[in-house]
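> need coordinates for the below:
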Amino acid sequence: MKRPLLLVGLLACLPTFAVRADEKIYRQVIPGTVLFYNSSGDGKVSSGSGVLVDADRRIVATAHHVVNSLIREGKTRMSVVFPELDKNKKIITDAIYYKKHLDKFRVPATVIYQNRTKDLALLQLDKLPPQARAIPLADDGDPSPGERIHVLGNSTFFHGGAFGYSTGTVRNMYYYHRKTFFTVPFVFFALAHHAPTNRGDSGGPVVNRKGQLVGIISQGTTGSGDEQVIDHSVHVREIRRALETLGTFQLPTLTSLTMNMHVDSTGEDSFFLPVNAGQEVNMTLAGNGGTDLDLYAKDLDHIEDYKLSNNRVIKDYKRLVAEEGDSDQEKAKFSPSFSGTCLIQVRNLGHRSTTITT
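Have a look, this model is predicted:
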């Protein structure tokens, strides 16, 4: 009779153990989670989330659509906020507190990389707060379907909350295709899961049971009625690729820059680089002979109209360089008439490794 009683007692304790494990994960990864809170030119305020992925280079990853509205205005300077502790050393989750002390907690950052197709952007912080801790990247093969995951973000920010948490399980991993309001669709290797996310969580970390990053939130809850509810996150392999593509890039110098890119799908890698008026910038794009790569340099401060092949007119940044031949061996140079930020884009149409140097 004692054994059944003992078994019941153990089962009754399991939920408590699970709660404690979830709380431990939250405390472990929250120092690497950030809040985006920025205003666009039309006066609209947007919030989002991000994750510190490289402490040495002070790099934060987020979903591209979190920062897209500001980038489209030619802005690459933004700010993020790291979580703060109260007097009891608990995470402050009151959004009003962060709004009230925004100037005190704001950490300036610069967008240095984006890939719209993969819904991914990287920013470099001006400084690293003492409480910040990068979240280590999991292996490209993680996680497995059925595995428990943990999600952090700021979906409740406009309702008064910040740095929230949810949990769930992995459904599977695959290349996710979805049309967007932008000129390019989302096509990225995705982590599909049943951990609920909402607007404002985008860019936030998805971690495994070890507290390792397995993805960042991209598409919130989809499905209605009898359809299965699924959330999609950008898989860690895409984040690792972006970091490798970025190479050893450090702001604010542009004296020497080398980027190693792995072209695994069609898309567009964009780099935001500081330039000075009259400075000659030489660019060389070299592939392995089996890819079709195009190279562009653009002025973020000026917008021009461009006519497409179907006679549709679109607005784009002023082109300083446009190398669009059927080759992956492109060379170009230009001397900007402005001091500021130059956008360099590499549009890849192949599936091989390439290197771009400027």
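> only C-alpha atoms from now on, for both contacts and neighbour counts.
Noted.
> show me where the stretch 101-250 of the chain dips below the pLDDT cut-off.
Filtered on pLDDT under 70, the stretch 101-250 of the chain yields the residue ranges 179-185, 220-229, 247-250.
> recalculate using a threshold of 80.
156, 158-159, 177-187, 198, 219-230, 245-250 (pLDDT under 80).
> for it, what spans make up the helices?
102-105, 236-246 (DSSP state H, counting those that start in this stretch).
> show me where the stretch 51-200 of the chain has its strands.
Using DSSP state E, counting those that start in this stretch, the strands of the stretch 51-200 of the chain run over 59-62, 77-81, 107-115, 120-125, 148-153, 164-178, 186-193.
> turn the helices of the stretch 101-250 of the chain into TSV, columns for mean neighbour count and distance to Lys298.
Formatted as TSV, these follow (neighbours: other CA atoms under 10 Å; distance: least, CA to CA, whole Å):
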stretch	mean neighbour count	distance to Lys298
helix 102-105	13	32
helix 236-246	20	18
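> re earlier: nearest to Val236, out of the strands of the stretch 51-200 of the chain?
Closest to Val236 of the strands of the stretch 51-200 of the chain, according to CA to CA: strand 186-193, at 8.7 Å.
> how about that closest one as PDB, C-alpha atoms only?
C-alpha atoms of strand 186-193 as PDB (Å, rounded to 0.1, in the frame of the first residue of the first chain):
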ATOM      1  CA  PHE A 186       9.900  35.300 -46.600                       C
ATOM      2  CA  VAL A 187      11.900  32.200 -47.400                       C
ATOM      3  CA  PHE A 188      13.900  30.800 -44.500                       C
ATOM      4  CA  PHE A 189      14.700  27.600 -42.700                       C
ATOM      5  CA  ALA A 190      12.100  27.800 -39.900                       C
ATOM      6  CA  LEU A 191      11.400  26.300 -36.500                       C
ATOM      7  CA  ALA A 192       7.700  25.600 -36.300                       C
ATOM      8  CA  HIS A 193       6.400  25.300 -32.700                       C
END
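> elements contacting that strand?
In terms of contacts (3 or more CA pairs under 8 Å, 6 or more residues apart in numbering; DSSP states H and E), strand 186-193 is packed against strand 164-178, strand 230-235, helix 236-246.
> change it to 6 Å
strand 164-178, strand 230-235 (3 or more CA pairs under 6 Å, 6 or more residues apart in numbering; DSSP states H and E).
> for the helices of the stretch 101-250 of the chain, give me CSV that also has distance to Gly32.
As requested, the helices of the stretch 101-250 of the chain are arranged in CSV below (distance: least, CA to CA, whole Å):
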stretch, distance to Gly32
helix 102-105, 15
helix 236-246, 15
